[in-house]
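Peer 1: Predicted structure and sequence below. I'll ask about it afterward.
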Amino acid sequence: MTGSEVPLAFRLAYVPGVTPTKWVRIWNERLPGTPLTLVGVPAADAAGLLRDGGADAGFVRLPVDRTDLSAIPLYTETTVVVIPKDHEGTAVEEMSAEDLAEEIVLHPLDDTLGWERPPGRPAFERPATTEDAVELVAAGVGLLVVPQSLARLYHRKDLTYRPLTGVPESRIALSWPEEKTTDLVEEFIGIVRGRTVNSTRGRPPTPPQPKAERAAKKGGAARKPAAGRTTRGGAGGSGGTRSAKGGTKRGKPRRKP
């Protein structure tokens, strides 16, 4: 490789809360010569990053405008309410939107749930980010409703969370520019969908090996008889067989006529 040549790379964007580790590991196993670069991006900016060529594909939160972006829905996240550890909600396994009617519920500007009307009572002002809102929950200002992955991402020892029913849920998808569905994008789609390396839509299967080559890999090539030695029933079979001590068994001497 000359100094001007740059190895082909794949750029993968991901929004907060998504953990792409499993897919990155599989990529590195299957394509060790093609680096994968991770690009963290706020959920609101993910679609713009893909359109501008800042990444080849990305894990985003739906919905996305599918006019020019393709998207494969992957999974739906559980919605939870983040509460202080001394909150009465810790006494139950899950809560409902009605349980928050008298609570102040923070609604950050980077909210990912797309509320028509958030539950509870609104705070005096909206926090700039979800991370800021978590700090306000710890300070006793209010509660916060988020996808479970974000509650884990911004976890604090003095806070916990409970699943919340009757509220919107966030869906994660793999998205990429439709007009830039490259071979590497197809490769990553196959990984995310669980295709095996020998899938017809994945990498080409390994060609079958000749029998002699398979035998050589298992136990080495077949041994040839040493010089001067023959096998039983061979052309020189009258020479006798090997004894356990390495000598030869001699037959009875012929009598002279």
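Peer 2: Okay, I see it. Numbers count the residues shown, from 1 in each chain.

Peer 1: pull the CA atoms of stretch 55-65 into CSV?
Peer 2: C-alpha atoms of stretch 55-65 as CSV (Å, rounded to 0.1, in the frame of the first residue of the first chain):
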residue,chain,number,x,y,z
ALA,A,55,-22.1,8.5,8.1
ASP,A,56,-22.9,5.5,5.8
ALA,A,57,-25.6,4.2,8.1
GLY,A,58,-26.9,4.8,11.6
PHE,A,59,-29.1,3.6,14.4
VAL,A,60,-31.8,6.2,14.8
ARG,A,61,-35.1,6.7,16.6
LEU,A,62,-38.2,6.6,14.5
PRO,A,63,-39.9,8.3,12.8
VAL,A,64,-37.6,9.4,10.0
ASP,A,65,-38.6,11.0,6.7
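
Peer 1: Any chance you could list what contacts that stretch?
Peer 2: 10-15, 18, 20, 39, 41, 43, 46-47, 49-50, 71, 73-74, 112, 114, 170-176, 180, 182, 184-185, 188-189 (Cβ atoms under 8 Å, 6 or more residues apart in numbering). Heads up, the C-betas are built off the backbone N, CA and C, glycines and all.

Peer 1: For stretch 128-142, buried residues please.
Peer 2: Going by neighbour count (16 or more other Cβ atoms under 10 Å), the buried part of stretch 128-142 is 130, 133-134, 136-138, 142.

Peer 1: if we can go back for a sec, and the contacts of stretch 55-65, which of them are in helices?
Peer 2: Mapping these onto helices (DSSP state H) picks out 46-47, 49-50, 184-185, 188-189.

Peer 1: Tell me the one among those nearest to G166.
Peer 2: A46 (27.4 Å; Cβ to Cβ).

Peer 1: returning to that earlier point: now a PyMOL select for only the buried ones of the contacts of stretch 55-65.
Peer 2: Only the buried entries of the contacts of stretch 55-65 go into this PyMOL selection, using 16+ other Cβ under 10 Å:
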select buried, resi 10+11+12+13+14+15+18+20+41+43+46+47+49+50+71+112+170+171+172+173+174+175+176+184+185+188+189
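
Peer 1: What about the contacts of stretch 55-65, which are in strands?
Peer 2: Applying DSSP state E to the contacts of stretch 55-65, the entries found in strands are 10-14, 39, 71, 73-74, 171-176.

Peer 1: just to revisit the earlier point, and which of the ones in helices among the contacts of stretch 55-65 is nearest to V80?
Peer 2: Of all the ones in helices among the contacts of stretch 55-65, A46 has the smallest distance to V80: 21.9 Å, by Cβ to Cβ.

Peer 1: and the closest one, what is it in contact with?
Peer 2: Counting by Cβ under 8 Å, 6+ apart, A46 touches 13, 15, 58, 60-61, 64, 175.

Peer 1: P177 versus that one, what's the distance?
Peer 2: Distance of A46 to P177, given as Cβ to Cβ, to the nearest Å: 12 Å.

Peer 1: about what we covered before: what is the nearest of the contacts of A46 to D99?
Peer 2: R61 (25.2 Å).

Peer 1: Specify the beta-bridge partners of the closest one.
Peer 2: On the basis of DSSP bridges, R61 is bridged to I172.

Peer 1: give me the low-pLDDT residue ranges for this protein?
Peer 2: Scanning the chain for pLDDT under 70 picks out 1-7, 198-257.

Peer 1: in it, which spans are helices?
Peer 2: Assigned by DSSP H, the helices in the chain fall at 21-30, 46-51, 130-138, 148-153, 183-192, 211-219.

Peer 1: I'd like to know how many residues surround the residue nearest to T34 when sequence neighbours are not counted.
Peer 2: Sequence neighbours aside, L8 is the residue nearest to T34 in space, at 5.6 Å (criterion: Cβ to Cβ, 6 or more residues apart in numbering). For L8, the count of nearby residues is 12 (other Cβ atoms under 10 Å).
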